[in-house]
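Q: give the three-dimensional model of this entry:
(chains A and B)
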Amino acid sequence: MNRFGLGARPDEPIPQEPQRWLHAQLERFDALPPPWRRAARTPALVDAWLAQQGAVRRAPEGQRSRIREDYLREGRVAYVAAAGARTDSALRSPTPFVERLVHFWSNHFAVSVDKLLIVGLAGGFEADAIRPHVMGRFEDLLWAAVLHPAMLLYLDQAQSIGPRSLVGTRAAMRSTDSQQRTRGLNENLAREILELHTLGVRSGYTQDDVTEFARALTGWTLPSDDTAGRVATTHRYVAAMHEPGPRTILGRSYPDDGEQQARAVIRDLALAPATGRHIALKLARHFVADEPPAALVQRLADRFARSGGDLPSVYRALIDSPEAWAAPNAKFKSPWDWAISGLRALGRQELPPQQAVNLMNQLGQPVWRPGSPAGYDDAGAAWAAPDALLRRVEVAQRLATQAGSAIDARSLAPRVLPGALSEDTAGAIARAESASTALALLLVSPEFLRR
Amino acid sequence: MSLDRRAFVGASALLATSPVLFAQAATERRFVFIIQRGAADGLNTVIPYADPAYGSTRGALALEAGTALKLDGSFALHPSMATLHGLYGAGQATLVHAVASPYRDRSHFDGQNVLETGGRAPHQLKDGWLNRLLGLMPGGGRTAVALSPAVPLALRGAVDVTTYAPSALPPADQDLMLRVDQLYAKDAQLHALWSAALDARDMAGDARGGERRNDSAALGRAAAGFLARPDGPRIAMIETSGWDTHSAQASRLATQLKALDSLIGGLQAGLGAAWSQTVVLVATEFGRTVAANGTGGTDHGTGAAAMLVGGAVLGGRIIADWPGLKPSDLHEGRDLRPTLGLDTLVSSLCAEVFRIDPERVVGALFPGSATASPVPRLLRA
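A: Numbering: from 1, shown residues only, chains lettered A, B, ... in the order given. Predicted coordinates for the structure are as follows:
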């Protein structure tokens, strides 16, 4: 429950056959559980973004910053609500293994609200690009993540224009006059797809591959903010922005068939052996150990290749691998994993959204705000730091005080740490001078900090 | 049970066998490493305004010589860096250009790995050069503080270091603190982390008053709070991010540089008399393309700028074997060609700061790097 799940809840029986319990979750996953049904979805969030863009364009110069500020304020409200939905979903989920996978993939395809203009869209990214596809094929997950407006904006794809496209050549003609509008190719998304999302860094692609791929991607952008005749969509392909011509990427040529060109590259990248190895390593690192056994990684990569990137097949191989069960509980939990497992242990079913946001800020892992497109570090060593530990003790005290004396940590401890509770920790809990101190000690005990 | 913080640390020292205590250091010198994560654009920070190719390749992103702060006949500083400009004028800042680590690809994460480990290639070394420098330092005071919630790679390694980041949480009560201390007594990893956390909290003391996490000057003062103490750490590392300016670079870089300028100002103000013994190094994983891209920004490049600031710096100088910005001068036709190894600069600098034999420093910090040291003297005697 700790290795593959989000931590035990006191009101749930301890599974007698853990592997069967995990396999069963793969059949029962609800992509849109009740907490998420209340959150705003991508089409509405994109509408709000487009309305703002249109309003800014039409407004006189002096009023534009006010429109932008209003939009960001609404975006923050949507962000807090969605972060609350994510938290409540993790607290209540009957399929915690698949919830963990959602968190894993959301971090693999990281967007960050460090780029303030996507603050309203980040929740929609997890709800609509990640959640519906975690039980599907990697290729579909990748395409959904790449084309989501949050990603298009975060990695600057929305404004990338083929220099020899219709729009590009017109812009070049205009820029000779005083206007000096600098618009053209941006290779940010192409680079991060190759480096982070698919093949992995140092897997053999070159700067030319990055640039060629960026050219193939041109044309994919957000819908127009022109309200007349708009159809409800969250992205679109604009032929006039697409760089014309065939492309050569990683030695393969792609004919110029417009919007199909980038799709074909994505398909090949999704199925590339290097991608399978990269995903296998990351999954094994996330669930098993910072330095996972090579045999396990190889088995997952093989399954990825044989199944054509069918993700549930890879998850099944992970559950059935003896190495996944043999590794000691040595991995220091990330702040998110620790907070969720702590709240679950206390039997919490929900958290007010703003509290959830504040909690993760204080613990040093703000929701959807990693410092870079690489997402948060998945190695336990990255999180085991003096100040971080002190903050966990402070948070544990506050959560335990809120729980008051309603929970007896002495009987709770063996239920949430089955087979892992040490005599020292049990003794410290038994000796605590108050119920809340005992609970806080349970939450910061060495065995609860690791999984 | 009620103990004040100071009394508690005393009690904890009795309970725990050996908390990490800051001993009196054997050197008065202070060394601060400010890392710019995201590949900072050196060409619009230390601007080669006299190079005729600068204006033509940068286009709309080029800064006018008139608005920049003039350094000498060739270079000028971004207008957001007034404090640094003042320090340059006072002979306390040296700017280094066309510098790069041995890493020649363009991944942030690999580039930062090389910058922080001191390896010749990514993931070749597991620990950081700043931690290995601690191992070379004379006598006591072999400890460092990172102003961040987690230990950055450059400071990871065999020597224990501490971290400090201002927290908005109310402090845990002393009874719980004591019990946690006992609970971790047998766990080597947690015990070391916990002892370091308590010492850091105690030392930050009065530097915590009213500071906010996003306030760069306050961050500089908080770091200075550690370094100024006679028994404090002699090395600090401060992380800055947000330098990856693929779009809207003009306004973003101005904001970034303003914050960096305030951070340096905060350090100077907080260090007081110890500023005269201080050397601050500012460096990034690689530079950015010479030409502007299509979205008002620049892409991942190679050669970058670095800064040496502090009262101990023999400043008012530019160190640059300028390679030129004409297309034929560029690395792979797009990037500023590096003419100085960052590893050479850093090892020469560290050797001077702590008066250690340069060969030893190179061997420990940048194994495999050339041992020759072609850099001029960097610090005042």
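
Q: now the one residue in the stretch 101-250 of chain B that gets nearest to chain A: closest residue in space, sequence neighbours ignored.
A: Residue nearest to chain A within the stretch 101-250 of chain B: B:Ala197 (3.5 Å; CB to the nearest CB). All C-beta spots, glycine's among them, are computed from the backbone N, C-alpha and C. Counting by CB to CB, 6 or more residues apart in numbering or on different chains, B:Ala197 lies nearest to A:Pro386, which is 3.5 Å off, once chain neighbours are set aside.

Q: the one you found touches B:Gln189, doesn't it?
A: No. Here A:Pro386 lies out of contact with B:Gln189, judged by CB atoms under 8 Å, at a distance of 11.1 Å.

Q: more neighbours, these two?
A: Neighbours of A:Pro386 and B:Gln189, each counted by other CB atoms under 10 Å in any protein chain shown, are more numerous for A:Pro386; the result is 29 against 17.

Q: and that one, how far from A:Ala81?
A: 34 Å (CB to CB, to the nearest Å).

Q: hmm, back to that, so which strand or helix has the residue of the stretch 101-250 of chain B closest to chain A?
A: Per DSSP states H and E, B:Ala197 falls inside helix B:188-204.

Q: report the buried residues of that helix.
A: Under the neighbour-count criterion of 16 or more other CB atoms under 10 Å in any protein chain shown, helix B:188-204 has B:189-201, B:203-204 buried.

Q: cool, and stretch B:317-331?
A: B:Arg317, B:Ile318, B:Ile319, B:Ala320, B:Trp322, B:Pro323, B:Gly324, B:Leu325, B:Leu330, B:His331.

Q: strands of the stretch 201-350 of chain B, residue ranges please.
A: Using DSSP state E, counting those that start in this stretch, the strands of the stretch 201-350 of chain B run over B:235-240, B:278-284, B:304-309, B:317-319, B:340-341.

Q: ditto for chain A
A: Taking DSSP state E as the test, the strands found in chain A are A:220-221, A:236-237, A:247-249, A:252-254.

Q: can I get those strands in TSV including distance to chain B?
A: Formatted as TSV, the strands of chain A follow (distance: least, CB to the nearest CB, whole Å):
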stretch	distance to chain B
strand A:220-221	12
strand A:236-237	18
strand A:247-249	17
strand A:252-254	21
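
Q: and of those strands, who's closest to B:Ser101?
A: Checking the strands of chain A against B:Ser101 by CB to CB gives strand A:247-249 as the closest, at 28.3 Å.

Q: and that closest one, which strands flank it?
A: Strand A:247-249 has the following strand partners under DSSP bridges: strand A:252-254 (antiparallel).

Q: what's around B:Lys70, how many residues?
A: 14.

Q: could you find the closest non-adjacent residue to it?
A: In space, B:Lys70 is closest to B:Ala76, 4.8 Å off (CB to CB, 6+ apart).

Q: pLDDT score assigned to the one you found?
A: If you check B:Ala76, the pLDDT there is 96.

Q: list the contacts of A:Ile429.
A: A:Ala409, A:Arg410, A:Ala413, A:Ala438, A:Leu441, A:Leu442, A:Ser445 (CB atoms under 8 Å, 6 or more residues apart in numbering or on different chains).

Q: same deal with B:Leu227?
A: B:Leu227 touches B:Arg30, B:Val32, B:Val145, B:Pro233, B:Arg234, B:Ala236, B:Leu271, B:Ala274, B:Thr278, counting by CB under 8 Å, 6+ apart.

Q: list the contacts for the residue in the stretch 101-250 of chain A that chain B sits nearest to?
A: Using CB to the nearest CB, the single residue of the stretch 101-250 of chain A nearest to chain B is A:Gly184, 2.0 Å away. A:Gly184 sits next to A:Ser160, A:Ile161, A:Pro163, A:Gly168, A:Ala171, B:Asn293, B:Gly294, B:Thr295 when contact means CB under 8 Å, 6+ apart.

Q: next one: it from A:Arg41, what distance?
A: Noted for A:Gly184: a distance of 33 Å to A:Arg41, by CB to CB.

Q: number of nearby residues for the residue nearest to B:Lys70?
A: 22.

Q: could you list everything it pairs with in the sheet?
A: Counting by DSSP bridges, B:Ala76 is bridged to B:Ile47, B:Lys70.

Q: nice, that's everything, thank you.
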